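K.L.:
model the following, please.
(chains A, B, C and D, ligands or ions: 6)
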Amino acid sequence: MPAGYVAQIVEKNVFGCATELVLDLPRGFEAHPGQFLHVRCGGDGRILRRPFSLTVSQRGELALLVRPAGEGSRWLCARRVGEELDFLGPLGRGFSILDAGEHVLVAGGAGIAPLRFLALDMRKRKLRPSLCWGMENEEDYGTLPEILAGECDLSLATRDGSAGFEGTALDLLFSQARTESAAIYACGPRDMLSGMARWLGEAGRERAQVSVEERMACGVGACRGCAVPVTDAGATYAAACREGPVFFARELDWERM
Amino acid sequence: MPAGYVAQIVEKNVFGCATELVLDLPRGFEAHPGQFLHVRCGGDGRILRRPFSLTVSQRGELALLVRPAGEGSRWLCARRVGEELDFLGPLGRGFSILDAGEHVLVAGGAGIAPLRFLALDMRKRKLRPSLCWGMENEEDYGTLPEILAGECDLSLATRDGSAGFEGTALDLLFSQARTESAAIYACGPRDMLSGMARWLGEAGRERAQVSVEERMACGVGACRGCAVPVTDAGATYAAACREGPVFFARELDWERM
Amino acid sequence: MEAGLRTELAGIRMQNPVMVCSGTWGNGREYAEWIDPGALGGIITKSVTLRPCPGNPPPRIWETPSGMLNSIGLENRGLAAFLEEDLPWIAGFGVPVFVNVAGFSEEEYAEVAAEVCASGLAAAVELNISCPNVKKGGLHFSSSHEDAARMVSRVRERADLPVFVKLSPRLNDLKGMCAAVARAGADGLSLVNTIPAMSIDVERAVPRLGNVTGGLSGPAMHPVAVLAVWEAYQSVGIPIVGMGGIWGWEDAVEMIMAGATAVAVGTVNFVDPGAPLAVVEGIRGFMTRKGVARVGELVGLAHRGGFRDEGKGRAPGSG
Amino acid sequence: MEAGLRTELAGIRMQNPVMVCSGTWGNGREYAEWIDPGALGGIITKSVTLRPCPGNPPPRIWETPSGMLNSIGLENRGLAAFLEEDLPWIAGFGVPVFVNVAGFSEEEYAEVAAEVCASGLAAAVELNISCPNVKKGGLHFSSSHEDAARMVSRVRERADLPVFVKLSPRLNDLKGMCAAVARAGADGLSLVNTIPAMSIDVERAVPRLGNVTGGLSGPAMHPVAVLAVWEAYQSVGIPIVGMGGIWGWEDAVEMIMAGATAVAVGTVNFVDPGAPLAVVEGIRGFMTRKGVARVGELVGLAHRGGFRDEGKGRAPGSG
Ligand SMILES: Cc1cc2nc3c(=O)[nH]c(=O)nc-3n(C[C@H](O)[C@H](O)[C@H](O)COP(=O)(O)OP(=O)(O)OC[C@H]3O[C@@H](n4cnc5c(N)ncnc54)[C@H](O)[C@@H]3O)c2cc1C
Ligand SMILES: Cc1cc2nc3c(=O)[nH]c(=O)nc-3n(C[C@H](O)[C@H](O)[C@H](O)COP(=O)(O)OP(=O)(O)OC[C@H]3O[C@@H](n4cnc5c(N)ncnc54)[C@H](O)[C@@H]3O)c2cc1C
Ligand SMILES: Cc1cc2nc3c(=O)[nH]c(=O)nc-3n(C[C@H](O)[C@H](O)[C@H](O)COP(=O)(O)O)c2cc1C
Ligand SMILES: Cc1cc2nc3c(=O)[nH]c(=O)nc-3n(C[C@H](O)[C@H](O)[C@H](O)COP(=O)(O)O)c2cc1C
Ligand code: FES
Ligand code: FES
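P.N.:
Ligands and ions are numbered 1, 2, ... in the order given. I've put the predicted structure just below:
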């Protein structure tokens, strides 16, 4: 059951453009990869909460990995060890680990956060995921790839070719040989996800899960603000915060996205 | 000529309920006692500026003395040495030192700020002002009275009698013997000022100056938000920020205050 | 001193005057995980329409200074699902349920209101004739006093529960509108809905919301909502539920002093699910500090000169 | 690349599209100490009435979340003093002066407008028929399309300068109102005035403002102002001056994309007297970055599908 919590930041690491905040969560706090926390940002509580995926630190502790995008995320990145965060969570539906011969994780930018957590979960189950991760350029990564390389089969992409493959995480994915039955787990910008969905075709969308980023107000399914179009007769919407943020690619109506 | 400035806080002292921030003002910055700075409070500039009287520190440097009353003043009190303040000023009309045998300064609460500055100015002119200062209780004063006692002829009042006279600064003033021709300079809450104006009578209001506190928007006379009723035929208003904040008691229409 | 928070709204007894706004609390399930719905003064459910309604295309929300825009557009699963699954569940907490009703024609409103009344599970109907987010319907029904009045009397004929009419603050003549719906039979007013507004992404030069326009809620618009309650209180005698930008107990008390018998909190739930109960506690504390025995004494107090003896903790004036 | 900030508004040439709002910039003297008035696109002066007007009793301002309320109430020294002392001085900076005119009857408006035109020093008249802070006059004149239209044609008859009509955002039917005043001869629209609002001091249970109600300005109400400009642009062809909560260049560009030919900044002056010129610089930088040659290309761009090729810094679409 989710709850409203306050947790202390016990460790802070900066990896390139992203800041990792390791949280001292209460005993019994359990979360699945792909779930998120809805975090109060800014001192006065006058701005809406901001959703951030749960990730894990090198020692496997639950953490956030925040890339500054605006006021809220910048505020978060400026927090110091010892300060407390107020959040609701864990919220939403996480990834389901499929029964497949190959597990491919595809991360764009800060999309690495839930996938690192997922990779850890997979390793606990003795699976060997491979991970394609794309960023703008080498500096954006910082030292995180070195750490991740010890955790899974990692390949990198940068738009400018300064590190790894030249192109996006998606280009990297396209360039690699995969078995037809590989299960795919993706998190990143909207363009990346829809590009992937198109590329996958109908069969592939059955085995692909995507974590979508939608602006959120409540984060718990009450306001219907985070609607994503789903493939049903009524052309209706699902709430990304509650029915997602992880969806099977086939569940979403990519035409209406 | 007033200007928009940024100045560093070079010293910070806490005196009871008030915080003194000594500013490193640019050379050539000249101000008169009773003038104020219009200070940007809060990080994002989304709240209106707040007016604070200029005061002086023990070494005679220009400073602010801030009593936390709400969001803006609390933010100011939380600033640290080395941080910068953004302000407009010096603004407004200050006190005029009258040609009188006796100079009595009456301060309620943070109203001490401009009067301490005025007292310094008077001493430079070899005058010996006396100062009545009222606060709620002893703790509110901190160690400031000890310092002030070296600067002028000081007497204190507290509502609960925990220090000095039991009552308000005004009660203290009433209790003292004064020559008819004493010049009075007052700054404090609205109630104190109007109580004093009533007590003084018409003749006394000629020799009394008061610094009024009005909510301000622009601080420069442009918005007419800080209106105070004046004694003229048209029952009009003066702008406290530009035509004040210091007025002769006779200029103000105390009936309409 | 024990503060009396109990109040009565068009004959409906409430344990306290704090409800939750339509559309900001789902149909209760989501927030029931965080707070006890049974501790609320009442619950206003999300707008329900006769048939299921998919709502507007995303993006549906955008944050603005001290506020937010939404263009949800009446997304709901329709009356049948609501009566079967949602209403019985939410009515189970034993606090009055105000069912917010919307539609795309007068008949639809009347039909939905009648069925809601027939269910025996609701305490009142709240007519949303002020939704800025649907093209046909919504604000359309309050473009003139006559249209609004006709709608109210149509619904009134078929509803045997108190009918609250929810108005927009964007009215030239809010007082006239309040009087018109009161004459047409409204038992109470809900003031206010969001203010029509919009935002543009300058990098792309396109509206931020999929629906182009949306409604502004939150602290930014609170002073506009307070005035609406103030004006309504001056023009009609029926009770008012005040809403719009209530963030803490002070805002709620402000609404009550402006003339609201009860209040509802909306957007703040998103930031703090515990807010409605914090508002209840805050009102209680204020009343104790001021020596106010019954919350009803505060209703409209600012129209009567305020506390006679300010700051001294004495009882209100002619309350 | 040099960005072309020059624009034309009802035939009035402006070096850039950024003006200052009526009532937020005094009559220029106060802020001339901080910025060069000659660098502005234009100056809108404080409402002037036929006779001197003392304004409303204090308190006149109150800060609200991301906004402020004011109830200044048209305080000014009257037409004679304005024509003699203020207008010549402000006209001396060589930028167009829009003289904002208010009154307590149609005749007064017409009289003041005529004399302002006769002075030969003004570029345009801005008719304030939407002041929330005076009981008789102000909003009174825009309570119906007919009243507003009659006022505009009365003034139009006696004014030989472009007449801009300043409207309130609190209108059921803003589009209809815009069309009505355009038909009556308005040369342009100023959108928007403050939104009627109020605030109550709960400790005393009395209104915060001496005048009880006031007008909400600042970022809080910006999304409401953007929608007003958007709706007006859809309903009439006359140029629009967009105002309301503009805090930085993005807000100004947003207004322009919604349909404003020029903008005016108000409340932000109180926080940062340099804001109008910062907005000018910001627009210039944006245009350079986006490769927009003339600011006119941005006017109403969001109605035409936005930048065709977002993010790539290409020229706007059908602009
Ligand atoms: C389920 C979920 C998980 C997320 N996990 C992470 C994470 O682990 N690490 C991380 O750095 N970011 C994550 N994000 C994105 C993060 O929520 C946004 O970057 C953040 O809300 C931006 O807020 P802000 O106040 O900093 O910026 P704002 O000023 O609000 O916006 C800055 C920019 O970010 C975009 N943006 C704002 N909110 C969102 C949002 N909810 N989704 C997508 N774009 C948004 C805006 O459109 C704008 O372009 C996640 C988003 C979702 C929905
Ligand atoms: C010319 C002038 C000089 C001043 N000098 C000083 C000084 O030297 N030291 C000092 O501590 N304070 C001084 N004040 C008062 C100071 O400006 C207010 O305390 C401050 O603006 C409160 O802002 P806030 O955001 O902290 O509180 P808010 O949350 O805005 O208000 C808190 C309380 O303070 C009252 N208040 C707010 N603004 C003013 C104001 N401008 N005048 C009077 N009451 C106000 C409010 O009504 C409310 O009760 C001065 C005021 C003026 C007009
Ligand atoms: C996300 C959201 C959805 C809303 N949905 C509805 C609705 O379905 N029906 C309705 O009458 N009002 C709806 N409203 C308006 C609220 O009930 C309320 O009138 C308004 O938000 C002002 O209150 P607040 O500022 O406390 O949120 C909605 C508001 C928001 C923010
Ligand atoms: C203190 C103040 C005084 C104002 N006086 C006038 C006025 O005299 N005439 C007028 O037409 N508008 C007046 N206005 C409204 C502004 O011109 C402008 O329409 C409004 O404030 C919205 O813009 P802003 O949010 O940028 O301030 C005043 C606004 C403020 C804040
Ligand atoms: S954010 Fe409210 S339903 Fe998803
Ligand atoms: S604060 Fe604007 S005139 Fe004084």
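
K.L.:
just give me the neighbour total for the residue of the stretch 101-250 of chain C found nearest chain A.
P.N.:
Using Cβ to the nearest Cβ, the closest approach of the stretch 101-250 of chain C to chain A is made by C:Pro219 at 6.4 Å. Just so you know, the C-beta spots here come from the backbone N, C-alpha and C atoms, and that holds for glycine as well. Other residues within reach of C:Pro219 by the criterion other Cβ atoms under 10 Å in any protein chain shown amount to 23.

K.L.:
I'd assumed D:Gly67 was in contact with it.
P.N.:
No. Under the criterion of Cβ atoms under 8 Å, C:Pro219 is not in contact with D:Gly67, lying 9.1 Å apart.

K.L.:
between those two, which contacts overlap?
P.N.:
Among the neighbours of C:Pro219, those also in contact with D:Gly67 (Cβ atoms under 8 Å, 6 or more residues apart in numbering or on different chains) are C:Ser66, D:Ala220.

K.L.:
could you check whether the host helix or strand of C:Glu126 is close to chain A?
P.N.:
Take DSSP states H and E as the rule and C:Glu126 turns out to sit in strand C:124-128. No. Under the criterion of Cβ under 8 Å from any Cβ of the partner chain, strand C:124-128 makes no contact with chain A; the nearest approach is 15.0 Å.

K.L.:
next helix or strand past that strand?
P.N.:
Taking DSSP H and E as the definition, the helix or strand that follows strand C:124-128 towards the C-terminus is helix C:145-158.

K.L.:
show me what that next one is packed up against.
P.N.:
Secondary-structure packing of helix C:145-158 (3 or more Cβ pairs under 8 Å, 6 or more residues apart in numbering or on different chains; DSSP states H and E): helix C:106-118, strand C:124-128, strand C:163-167, helix C:174-183.

K.L.:
sorry, back to before: and the angle from the strand holding C:Glu126 to strand C:163-167?
P.N.:
Angle between the axes of strand C:124-128 and strand C:163-167 is 20 degrees (criterion: axes from the mean of the first three to the mean of the last three Cα atoms, to 10 degrees).

K.L.:
and the residue of the stretch 101-250 of chain A found nearest chain D, which of the three is it?
P.N.:
Per Cβ to the nearest Cβ, the residue of the stretch 101-250 of chain A with the smallest distance to chain D is A:Asp191, at 10.9 Å. Classification of A:Asp191 using DSSP: H, G, I helix; E, B strand; the rest coil returns helix.

K.L.:
what's around it, how many residues?
P.N.:
12.

K.L.:
quick one: it and A:Phe174, what's the gap?
P.N.:
Counting by Cβ to Cβ, to the nearest Å, the gap between A:Asp191 and A:Phe174 amounts to 14 Å.

K.L.:
what does A:Leu200 give?
P.N.:
From A:Leu200 over to A:Phe174 the distance is 11 Å, taken as Cβ to Cβ.

K.L.:
more neighbours, those two?
P.N.:
Of the pair A:Leu200 and A:Phe174, A:Leu200 is the one with more neighbours under other Cβ under 10 Å, namely 19 against 14.

K.L.:
is it true that that one touches A:Gln209?
P.N.:
No. Contact between A:Leu200 and A:Gln209 fails when scored by Cβ under 8 Å: they sit 11.2 Å apart.

K.L.:
who touches both of those two?
P.N.:
Counting by Cβ under 8 Å, 6+ apart, the residues touching both A:Leu200 and A:Gln209 are A:Ile184, A:Ala249.

K.L.:
leaving out sequence neighbours, find the closest residue to residue 26.
P.N.:
The chain I'm using is chain A. Counting by Cβ to Cβ, 6 or more residues apart in numbering or on different chains, the nearest residue to A:Pro26 once its immediate chain neighbours are dropped is A:Tyr5, at 6.7 Å.

K.L.:
sorry, I should have been clearer: chain C.
P.N.:
Closest residue in space to C:Gly26, ignoring its immediate chain neighbours: A:Ala222 at 3.5 Å, by Cβ to Cβ, 6+ apart.

K.L.:
state the helix or strand in which that neighbour lies.
P.N.:
Taking DSSP H and E as the criterion, A:Ala222 maps to no regular element, lying outside all helices and strands.

K.L.:
measure the residue in chain C that ligand 5 sits nearest to to D:Ala197 for me?
P.N.:
Distance from ligand 5 to each residue of chain C (Cβ to the nearest ligand atom) is smallest for C:Phe270, at 7.0 Å. For C:Phe270, the distance to D:Ala197 equals 23 Å [Cβ to Cβ].

K.L.:
those two: which has the busier surroundings?
P.N.:
Here C:Phe270 and D:Ala197 are set side by side on neighbour count (other Cβ under 10 Å), and the busier one is D:Ala197, at 32 against 26.

K.L.:
and the more buried one, that one's in a strand?
P.N.:
Yes. Applying three-state DSSP, one finds D:Ala197 inside a strand.

K.L.:
number of residues surrounding the nearest residue to it once chain neighbours are set aside?
P.N.:
Of all residues not flanking D:Ala197 in the chain, C:Pro223 sits nearest, at 3.6 Å (Cβ to Cβ, 6+ apart). Other residues within reach of C:Pro223, judged by other Cβ under 10 Å, total 32.

K.L.:
can you check A:Lys126 too?
P.N.:
When counting by other Cβ under 10 Å, one arrives at 6 neighbours for A:Lys126.

K.L.:
next one: the one 3 residues further on
P.N.:
Residue crowding around A:Pro129 was assessed by other Cβ under 10 Å; the count is 22.

K.L.:
from A:Thr158, how far off is it?
P.N.:
Here the distance between A:Pro129 and A:Thr158 works out to 21 Å (Cβ to Cβ).

K.L.:
picking up where we left off before, redo the helices and strands packed on helix C:145-158 as TSV? Include distance to chain B and mean neighbour count.
P.N.:
Written out in TSV, the entries for the helices and strands packed on helix C:145-158 read as follows (distance: least, Cβ to the nearest Cβ, whole Å; neighbours: other Cβ atoms under 10 Å in any protein chain shown):
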stretch	distance to chain B	mean neighbour count
helix C:106-118	41	20
strand C:124-128	32	28
strand C:163-167	30	27
helix C:174-183	26	21
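
K.L.:
what about stretch A:155-165, near chain D?
P.N.:
No. Using Cβ under 8 Å from any Cβ, stretch A:155-165 stays clear of chain D, coming no nearer than 13.6 Å.

K.L.:
tell me the bridge partners for the nearest residue to C:Glu8 once chain neighbours are set aside.
P.N.:
Distances taken as Cβ to Cβ, 6+ apart place C:Met14 nearest to C:Glu8, at 6.9 Å, with adjacent residues excluded. Bridge pairing for C:Met14 (DSSP bridges) gives the partners C:Thr7.

K.L.:
give me the pLDDT for C:Met14.
P.N.:
Among the per-residue scores, C:Met14 shows a pLDDT of 97.

K.L.:
can you count the residues close to residue 194?
P.N.:
Reading this off chain A. Each residue near A:Ser194 was counted by other Cβ under 10 Å, and the total is 17.

K.L.:
not quite, I wanted chain C
P.N.:
For C:Thr194, using other Cβ under 10 Å, the count is 31.
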